[in-house]
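> when you get a sec, could you give me coordinates for this:
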Amino acid sequence: MPMGNALGKFSLKSTSINYSPTGGGTEIIDMNMEGTMEGPDGAATVLGTLTGEPNEDASGGNYNWIGREFAADGSTRVATGSGFFRATGAGKWALRGTISFSDGANAAVEGDLDLASRTLSGTACEWD
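Okay, here's the model as predicted:
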């Protein structure tokens, strides 16, 4: 199913990173993130945690997201999602997945994670 119109662009920065062993030779990585989501209705502040479980050489893996958007009008909504990531270069990964919002909206998500700048940026799109 192709992705449709962009619902918004997000730009997040990691504020902390925690590693936990899985017991299977890999680790769970929790990245606390903060930033903005710019959409047709304006900007929202985003706070959340991206949890990744990379494969042994960190060339790919799976992720989960949980966070909350805080809109300028005072409304908020929870966002949860999951997907996969793959290495695209030294210290860079592409993410692709889905996200569900507490107001019933759903979106496809694509993003780029950059280790050097500790940033995650991308686009949320509707499903066509």
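> ok, the closest residue to residue 103 other than its chain neighbours - how many residues close by?
The shortest distance from residue 103 to any non-neighbouring residue, by CB to CB, 6 or more residues apart in numbering, is to residue 77 (5.1 Å). The C-beta positions use only the backbone N, C-alpha and C, and glycine is treated the same way. When neighbours are defined as other CB atoms under 10 Å, residue 77 has 15 of them.
> quick one: buried residues of the helix or strand containing residue 77?
Using DSSP states H and E, residue 77 falls within strand 76-89. Residues of strand 76-89 classed as buried by neighbour count (16 or more other CB atoms under 10 Å): 79, 81, 83, 85, 87.
> wait, what's in contact with the first one?
Read it as residue 79. 46, 48, 65-69, 99-102 (CB atoms under 8 Å, 6 or more residues apart in numbering).
> nearest to residue 6, of the residues you listed?
Proximity of the contacts of residue 79 to residue 6 (CB to CB) peaks at residue 99, which lies at 13.4 Å.
> can you report phi and psi for that closest one?
phi -140, psi 140 (degrees, to the nearest 10).
> ok, the nearest residue to residue 65 once chain neighbours are set aside to residue 50 distance?
Of all residues not flanking residue 65 in the chain, residue 81 sits nearest, at 4.4 Å (CB to CB, 6+ apart). Using CB to CB, to the nearest Å, residue 81 is found at 9 Å from residue 50.
> common neighbours of the two, please.
By CB under 8 Å, 6+ apart, residue 81 and residue 50 have these common neighbours: 64-65.
> okay, the residue lying closest to residue 87 once chain neighbours are set aside: pLDDT?
Using CB to CB, 6+ apart and skipping the chain neighbours, the partner closest in space to residue 87 is residue 59 (4.6 Å). Per-residue pLDDT puts residue 59 at 94.
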